[in-house]
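Q: Structure for this input, please:
(one chain, ligands or ions: 1)
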Amino acid sequence: MPTALSPDQLAQYRRDGFVVLPGFRRPPELAALRERAEQIVAAFEPGDQVSIFSTHEQRRTADAYFLGSGDQIRCFFEEEAFDAAGRLRQAKARSINKIGHALHDLDPVFEAFSHGPELAGVASAVGLAQPRIWQSMYIFKQPGIGGEVGWHQDATFFETTPQSVTTFWFALEDATLKNGCLWVAPGAHRGPLRQRFVRQDDQVRMDTLDTTPWPSGAEAQPLEVPAGTLVVFHGLLPHYSAPNRSPHSRHAYTLHVTDGRAAYAAHNWLQRDASLPLRGFV
Ligand code: FE2
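A: Numbers count the residues shown, from 1 in each chain. Okay, the predicted model is just below:
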């Protein structure tokens, strides 16, 4: 396995809970992913499956469309996509919040982007001895209506014992302060897990585990990164992204990966069965 992170990068990951790897994916790879996402959205027939992703309101919680998406490719609308009468305010292609959650296993273009020795090398460097890719999301952060995602920790949604979930976040376009880049709290991955997203049959709920406050504005650091950058971050690292009020989209692609040596919680919303086995990066 190639050594994918330098000693400095590894030290930064351990100290800050994240590492930024510019130029990880090349422009043609980014273009292929964007084009494929466009095709998936073009083929998407919303029908009455109008599912809006919102972390503030937990509207998705009772949403079978969301809960059934762990081994599917499904499109989710932006919260602000609809007018008061429930009609789309702009074209469908400018109204989608994200596509999830098994792109990396079901779509050949996404599969190619999501695997390979370079990703395996990074995973190994950050301690994932047996990477298991649970989830992929193509995030649009649409111009004008791209919604805020408030402070959270990704381990809330992917609990393992011991904690192992690691996020691979790819900038498919330049991420800037104006179009809603990620913000992180360096070093705050050493704090507790604050919330747990629990699925019980077809119901989900958010439990509070620890009342430690979210980081203050002064502790938050924006990650303005060019297209092609990979940001790898620890599952306990608090992060958020602001709304996108700019005229430019901010497409990103994420993978959530656990270590097969750790026990994956039975209450996690996303489970897999033998029909679509979990895989690593190679
Ligand atoms: Fe997140």
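
Q: can you pull the contacts of Thr161?
A: For Thr161, the contact set (C-beta atoms under 8 Å, 6 or more residues apart in numbering) comprises Ala262, Ala263, Ala265. C-beta here means a position set from N, CA and C on the backbone, and glycine is covered the same way.

Q: The first one contacts Ser164, correct?
A: The reference is to Ala262. Yes - Ala262 sits in contact with Ser164 when judged by C-beta atoms under 8 Å, with a separation of 4.2 Å.

Q: okay, those two: which has more neighbours?
A: Between Ala262 and Ser164, Ser164 has the larger neighbour count (other C-beta atoms under 10 Å), namely 26 against 18.

Q: Could I get the pLDDT score of the more buried one?
A: Listed pLDDT for Ser164 reads 98.

Q: all helices of the stretch 1-150 of the chain, in order?
A: 7-16, 27-43, 64-67, 103-106, 108-113, 117-125 (DSSP state H, counting those that start in this stretch).

Q: Quick one: mean pLDDT for the host helix or strand of Val257?
A: For Val257, the element it lies in under DSSP states H and E is strand 252-259. Confidence for strand 252-259, expressed as mean pLDDT, is 98.

Q: Direction included, what does it pair against?
A: The strands that strand 252-259 pairs with in its sheet are strand 131-139 (antiparallel), strand 166-171 (antiparallel) (by DSSP bridges).

Q: tell me the phi and psi of the closest residue to Ala265 other than its chain neighbours?
A: The spatial neighbour of Ala265 that comes closest, neighbours along the chain excluded (C-beta to C-beta, 6 or more residues apart in numbering), is Glu159 at 4.2 Å. Here is the backbone geometry of Glu159 (degrees, to the nearest 10): phi -80, psi 130.

Q: and Glu159, what is it in contact with?
A: Here Glu159 is in contact with Val165, Leu193, Arg196, Tyr264, Ala265, His267, Asn268 (C-beta under 8 Å, 6+ apart).

Q: which ones among these are found in strands?
A: Per DSSP state E, strands hold the following members of the contacts of Glu159: Arg196, Tyr264.

Q: Run a quick neighbour tally on the closest residue to Pro46 other than its chain neighbours.
A: The spatial neighbour of Pro46 that comes closest, neighbours along the chain excluded (C-beta to C-beta, 6+ apart), is Lys92 at 7.1 Å. Burial of Lys92 is recorded as 15 neighbouring residues (other C-beta under 10 Å).

Q: which ones are touching Lys92?
A: Counting by C-beta under 8 Å, 6+ apart, Lys92 touches Val41, Phe44, Pro46.

Q: The first one against Ile99, yeah?
A: To tie it back to what came earlier, the one meant is Val41. Yes - using C-beta under 8 Å, Val41 is in contact with Ile99, at 7.2 Å.

Q: between those two, who's got more neighbours?
A: Set side by side, Val41 and Ile99 show unequal neighbour counts under other C-beta under 10 Å, the larger going to Ile99 at 24 against 18.
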